[in-house]
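A.B. asks: My questions concern the predicted model and sequence given below.
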Amino acid sequence: MHGFMKLIVLGAGGMGRYAAKTAVEFSYVEELVVADLDRAAARRLADDLGPKVRAERVDVTDPGSLDPLLGAADAVLNTVGPFFRFGPPVLAAAIRARCHYLDINDDWESTEAMFAQHEDARAAGITALIGMGASPGMSNLLAITAARELDVVEELYAGFDLDAAMPETRGDRPAAATIHGVHQLTGTIRLFEDGRLVEAPAMRRLEIDYPGLGRFPAWTMGHPEAISFPRRFPGLRRAIVVMTMDRTNIFAMRVLAMLLRSGVVSLERVAGWVERLEGVGKPPKAPADYVDEIAGSDTARLPPLFALARGTRGGEAASVAAAVLSAPAVGMGGATGVPLALGLDVLRPDGETRRGVYAPEGVLDPDAFFDRIAPLCSPAKRNREDLLLVSRSWEDRDLRAELRTLA
């Protein structure tokens, strides 16, 4: 990789906006092109970001539109979802164009399909970093942070609060993130159980024993971490992604799932109902709000973004959990788009040189990443020690009491 970069950001929505706003400040980015099907939206964002940025119209479903755009670039940040529809073909276009590729892919189906393009990407000499957002993305690096404190890692869980992961704005059509969420909560998903990938229905209830907080219910969801974790930890026996949600919304999602499976309504129609149910467009909670709620004596909830590793340490059963105490900006756009831009560090001249398709835990150093993102959070943190909350089963800690000092 040479010392400067021409960068494409695909998508001028919430995630693309934060990715572009972050990346344009990097010294090694010489030119940034915001590309969207809606050229006016791309132009508005480009105008906001200054002289290094220009706008283009692109249809990611049309190789005649997409291939020339990528062929003139060094790297692309892809925020166009849902990824179970658009992820694999856009990566294939990047491979054809020999353009490095990063995205926020959050679907298990596209994760499998994109890992299958590893050899093609390596032969083309490109690095593809997939799933570099909040979850997946930061969750993968939280998992590494937790797992490295164990001698043997047997189980890995990534978890997040789905109520906190709704889009901040509502448009004429359901957001891709909402379509993704409904898709992965209503159909058949992949889990890694007993050392192998298996198919299972979504929204299976589990109990999470979180060190320092106690036991909580959570529900399974289709997500890339269950596919990528076993690649990083060959001896893993279990890898599952769980979500939490208000119990009323859990019941509503089960009803909507039955309607969707019966063929009575479409995926897009259900996604629209979910956005109304969840109140999309309301001001999102800040990370500090969740700290207040977790610390509350009458509140029983898990952190909004965490990873849990279970296995052995010193021959004894042990577990470690890692969570973030803050996040970029407020809402899903910043929490997803900023990590995506920071993923470009793997392409810096002094950075990563491996070629092929990788999940975040395959190419990124979690310590360096969390040090890098800490000052970009709101509220800002000094470094990874200030940003992360790590708890261990062999420690006698009451995290709720500790968090009251931060609330």
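C.D. replies: Looks like it came in fine. Numbers count the residues shown, from 1 in each chain.

A.B. asks: Next SSE downstream of the lowest-mean-pLDDT helix or strand in the chain?
C.D. replies: Least confident element among the helices and strands of the chain, by mean pLDDT, DSSP states H and E: helix 287-295 (a mean of 64). Proceeding N to C from helix 287-295, the next assigned helix or strand is strand 305-313, under DSSP states H and E.

A.B. asks: need the helices for the stretch 301-407 of the chain, in chain order.
C.D. replies: Remark: helices assigned in the stretch 301-407 of the chain by DSSP state H, counting those that start in this stretch are 332-342, 360-363, 366-373, 384-387, 399-404.

A.B. asks: Pick the most buried one from these.
C.D. replies: Mean neighbours per residue, mean count of other CB atoms under 10 Å, is largest over those for helix 332-342, with a mean of 27. (C-beta placed from N, C-alpha, C; glycine too.)

A.B. asks: what residues does the helix or strand where V270 lies touch?
C.D. replies: Using DSSP H and E, V270 falls within helix 267-278. When contacts are defined by CB atoms under 8 Å, 6 or more residues apart in numbering, helix 267-278 is touched by residues 163, 166-167, 170, 173-175, 178-179, 181-183, 186, 249, 252-253, 256, 259-260.

A.B. asks: how about the helices of the stretch 301-407 of the chain, which one is nearest R54?
C.D. replies: Closest of the helices of the stretch 301-407 of the chain to R54 is helix 332-342, at 17.7 Å (criterion: CB to CB).

A.B. asks: mean confidence score for that closest one?
C.D. replies: The predicted model gives helix 332-342 an average pLDDT of 94.

A.B. asks: and the angle for that helix with strand 305-313?
C.D. replies: Angle, helix 332-342 to strand 305-313, by axes from the mean of the first three to the mean of the last three CA atoms, to 10 degrees: 60 degrees.

A.B. asks: what's helix 332-342 in contact with?
C.D. replies: With CB under 8 Å, 6+ apart as the test, helix 332-342 has contacts from 13-23, 26, 77, 79, 102-104, 132-134, 137-138, 164-168, 177, 284, 305, 327-329, 369, 372-373, 376, 378.

A.B. asks: That one to helix 366-373, inter-axis angle?
C.D. replies: Using the same axes, to 10 degrees, helix 332-342 lies at 120 degrees relative to helix 366-373.

A.B. asks: roughly how far out does helix 332-342 sit from the chain middle?
C.D. replies: Chain-centre distance of helix 332-342: 8 Å, with CA atoms, centre = their mean, to the nearest Å.

A.B. asks: where does the closest residue to D107 other than its chain neighbours land on pLDDT?
C.D. replies: Among residues not flanking D107 along the chain, F84 sits closest, at 4.0 Å (CB to CB, 6 or more residues apart in numbering). Per-residue pLDDT puts F84 at 95.

A.B. asks: how's this protein carved up into domains?
C.D. replies: What automatic domain parsing lists as the domains of the chain is 5-134+332-376, 138-329+382-392.

A.B. asks: Among those domains, show the one with the smallest mean pLDDT.
C.D. replies: Of all the domains of the chain, the minimum mean pLDDT falls on domain 138-329+382-392 (a mean of 88).

A.B. asks: The stretch 101-250 of the chain: strands as residue ranges?
C.D. replies: With strands called from DSSP state E, counting those that start in this stretch, the stretch 101-250 of the chain shows them at 127-129, 152-161, 188-193, 196-201, 205-210, 214-220, 238-244.

A.B. asks: Quick check: which of those is buried the most?
C.D. replies: strand 127-129 (a mean of 26).

A.B. asks: could you say what helices and strands it packs with?
C.D. replies: helix 83-97, strand 100-103, strand 356-358, helix 360-363 (3 or more CB pairs under 8 Å, 6 or more residues apart in numbering; DSSP states H and E).
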